[in-house]
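**Q** I would like to see how this sequence folds:
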Amino acid sequence: MNLTRFCSVVLDVLFGERHFCPACGRVGSAQAFCGECTARIPKVSSPACRVCGTPLRGRALAGSDAQEAQDAREARHVCTGCRLTRRYFECARAPAIYEGAAREHVHDLKYRARVEIVPALSRTMALCAIRHAMADWCDCVVAVPMHPDKLARRGFNQAELLARAVASLLGAPLIPGALSRREYTGTQTLLDRQNRRGNVLNAFVCDEPAAVAEARILLVDDVLTSGATADGCARALLRSGASGVSVLTFAVSVADMRDWNPV
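**A** Purely as a prediction, here's the structure:
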């Protein structure tokens, strides 16, 4: 993303048209959350896993030089789950922690069909992508697919809505229908990490191999929990010739293994 596009996104967020905040109904700006609602969203902060992007807890490193110790921490920040699991995606990032107001916003979209919240969510995600240099890195955007049976019941795929909006904000092409879900695994919400991964690793297929060949893919979804769904999608894309996959979501769960120890 060039400097002009970056400034355009930032200015749109800060000084856009007068409108109403999709969360509280008060006047906001540029199809974004108002200041008060933005402050209520729990933010991802350091230290975070450098692979899956989830906040970490653990013991500090010893070191006489504070900067040296900080550099060592940054290099070694990998959560237990990512150390024990083969990841097919290069990295995953999210601006929010999946709790409190962030969880409510996701539920508003997924379960209450409040699609008017998509612009605010996607702009928050786009700024996160810019901050982590994902916008410059990616060649195209792909949405995590939904099984046709589930799509028929819900009526829309929230990941596709977010991906379309994020792609527009970042000026990156969206590849619609790049992935499909061939196996219906049911909801993953109540499953533990191991069962989630076993359920979905082979559930996806790439339907547009020519479009993803040698491309760096930004995979978009609403929430990253264990990373199993993202791994399944990334695996399918890599097998079809993609050169790399990074993941962008609005929120990341901290309910699973998030401990770390220096190695």
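
**Q** Where does pLDDT dip in this structure?
**A** 1-18, 28-30, 57-76, 184-196, 255-263 (pLDDT under 70).

**Q** Tell me where it has helices.
**A** Ranges of helices in the chain, per DSSP state H, are 3-15, 35-40, 66-76, 80-84, 100-110, 118-131, 134-137, 148-154, 158-170, 193-200, 209-212, 228-239.

**Q** what does stretch 112-125 rub up against?
**A** For stretch 112-125, contacts defined as Cβ atoms under 8 Å, 6 or more residues apart in numbering pick out 9, 12-13, 21-23, 30-33, 41, 94-96, 105, 108-109, 154-156, 158, 161-162, 165-166, 169, 220, 222, 248-250. Yep, even glycine has a C-beta here, placed from its N, CA and C like the rest.

**Q** got the buried residues for it?
**A** Neighbour-count burial for stretch 112-125, counted by 16 or more other Cβ atoms under 10 Å, picks out 117, 118, 119, 120, 121, 122, 123, 124, 125.

**Q** so how far is residue 102 from the first one?
**A** For residue 117, the distance to residue 102 under the criterion Cβ to Cβ, to the nearest Å works out to 12 Å.

**Q** Kindly report the same for residue 173.
**A** 28 Å.

**Q** Quick one: residues contacting residue 138.
**A** By Cβ under 8 Å, 6+ apart, the neighbours of residue 138 are 129, 170, 172, 216, 217, 218, 246.

**Q** show me the contacts for the first one.
**A** Think residue 129. So residue 129 contacts 93, 135, 138, 166, 170, 218, 248 (Cβ under 8 Å, 6+ apart).

**Q** out of the residues you listed, which is most surrounded?
**A** Comparing the contacts of residue 129 by number of neighbours (other Cβ atoms under 10 Å), residue 248 comes first, having 30 neighbours.

**Q** who's it bridged to?
**A** When bridges are called by DSSP bridges, residue 248 pairs up with residue 93, residue 220.

**Q** now residue 55
**A** Bridge pairing for residue 55 - DSSP bridges - gives residue 48.

**Q** And for it, the neighbour number?
**A** Count around residue 55 with other Cβ under 10 Å applied: 17.

**Q** Could you double-check that it lies in contact with residue 77?
**A** No. Between residue 55 and residue 77 there is no contact under Cβ atoms under 8 Å: 10.1 Å.

**Q** who touches both of the two?
**A** 47, 48.

**Q** Looks like residue 141 contacts residue 168 (just checking).
**A** No. Using Cβ under 8 Å, residue 141 is not in contact with residue 168, being 9.3 Å away.

**Q** Could you check how far the residue nearest the centre of the chain is from residue 241?
**A** In the chain, the residue lying closest to the centroid (Cα atoms, centre = their mean) is residue 249, at 1.6 Å. Using Cβ to Cβ, residue 249 is found at 24 Å from residue 241.

**Q** what does residue 142 give?
**A** Residue 142 is 13 Å from residue 241, by Cβ to Cβ.

**Q** Of the two, give the one with the bigger neighbour count.
**A** Between residue 142 and residue 241, counted using other Cβ under 10 Å, residue 142 has the larger neighbour count: 30 against 14.
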